[in-house]
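1. all I have is the shape, not the residue letters:
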Ligand SMILES: O=C(O)CC1=CCC(=O)O1
């Protein structure tokens, strides 16, 4: 299991594909880990050097004391690119991973080739709701919110038809470190890039999903309207669209990056 020590954290990552190909970095959502990208990795690795990582506080990365800041999450990505000697990469992120991608494109434009952001917003949810969630997870653990969170990740029909997927996602959430999850909620409470994403120069694809409650189509369309020249695709899915509308999301990403 490769790991990298960045300022403040130890980040677990995986690489697939030929390192001579253009690099793609995949950034996971809150309460998940790099396994989230399993359905996309094979196809991407045929043409790209695919780098996946567990964001700090998640998966097998370390959970340093929080609260975290968006600059910490983005700094981990920059450190990973430096470590792998990748000067520029396509950045693909879902939910808070997409927020991290937007921040990287604003703050480190020289490191971002193309940007793909799915099921995200320039400001996700309301600050107080994230602070309340952080406090609840700190006091009672992720078990206290697991049902309510996971039921928004897949549409009810998809969860009913694929109970093994719903169970796998629930297990992924529950395997996340409580303190790392809560520390990441603070990033969501304080990050608002709405006034900044107009400055993104990387060619951008935004993927929205018709059944996404945490980051509804209005939020994803707003990104596409703010980023000059951005493309917009909407799929039929809930919040974790890459696992529900797998073929459509993979095709959209490949079509855009190729
Ligand atoms: O799991 C959720 O509550 C939805 C979500 C918001 C940001 C993120 O990464 O996931």
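-> Noted; the coordinates are in hand. As the structure is a prediction and not an experimental result, all values here were calculated from the model.

2. list the buried residues for stretch 152-169?
-> Of the residues in stretch 152-169, 153-155, 158-159, 165-166, 169 count as buried by neighbour count, 16 or more other Cβ atoms under 10 Å. Using the backbone N, CA and C atoms, a C-beta is placed for each residue, glycine as well.

3. ok, which stretches of the protein are strands?
-> 3-6, 9-16, 23-27, 49-53, 89-94, 112-118, 204-209, 231-235 (DSSP state E).

4. could you give the angle of the second one to strand 23-27?
-> Just to be clear, that refers to strand 9-16. Counting by axes from the mean of the first three to the mean of the last three Cα atoms, to 10 degrees, strand 9-16 lies at 130 degrees to strand 23-27.

5. which two of the buried residues of stretch 152-169 have the greatest separation?
-> Spatial extent of those (Cβ to Cβ) is set by the pair 155 and 169 at 12.8 Å.

6. before we move on, the earlier item: how about a markdown table for the strands of the chain, with mean neighbour count added?
-> Converted to a markdown table, the strands of the chain look like this (neighbours: other Cβ atoms under 10 Å):
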| stretch | mean neighbour count |
| --- | --- |
| strand 3-6 | 16 |
| strand 9-16 | 20 |
| strand 23-27 | 27 |
| strand 49-53 | 25 |
| strand 89-94 | 28 |
| strand 112-118 | 26 |
| strand 204-209 | 26 |
| strand 231-235 | 19 |
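
7. contacts only, for the residue positioned nearest the centre of the chain.
-> For the chain, the residue nearest the mean C-alpha position is residue 97 (2.2 Å; Cα atoms, centre = their mean). Residues near residue 97 by Cβ atoms under 8 Å, 6 or more residues apart in numbering: 26-29, 55, 120.

8. burial of the residue in the stretch 51-200 of the chain positioned nearest to the ligand, as a residue count?
-> Nearest to the ligand in the stretch 51-200 of the chain, going by Cβ to the nearest ligand atom, is residue 95, at a distance of 3.1 Å. Neighbour count for residue 95, taken as other Cβ atoms under 10 Å: 28.

9. before we move on, what about residue 21?
-> Neighbour tally, residue 21, other Cβ under 10 Å: 14.

10. contacting residues for it?
-> Counting by Cβ under 8 Å, 6+ apart, residue 21 makes contact with 47-49.

11. what is the nearest of those to residue 211?
-> Each of the contacts of residue 21 was scored against residue 211 by Cβ to Cβ, and residue 48 proved nearest at 28.8 Å.

12. who's in contact with the closest one?
-> Residues near residue 48 by Cβ under 8 Å, 6+ apart: 17, 21-24, 90, 257.

13. for residue 199, see how far away the closest residue to residue 144 other than its chain neighbours is.
-> Distance criterion Cβ to Cβ, 6 or more residues apart in numbering; nearest residue to residue 144, sequence neighbours excluded, is residue 136 at 5.7 Å. Here residue 136 is placed at a distance of 35 Å from residue 199 (Cβ to Cβ, to the nearest Å).
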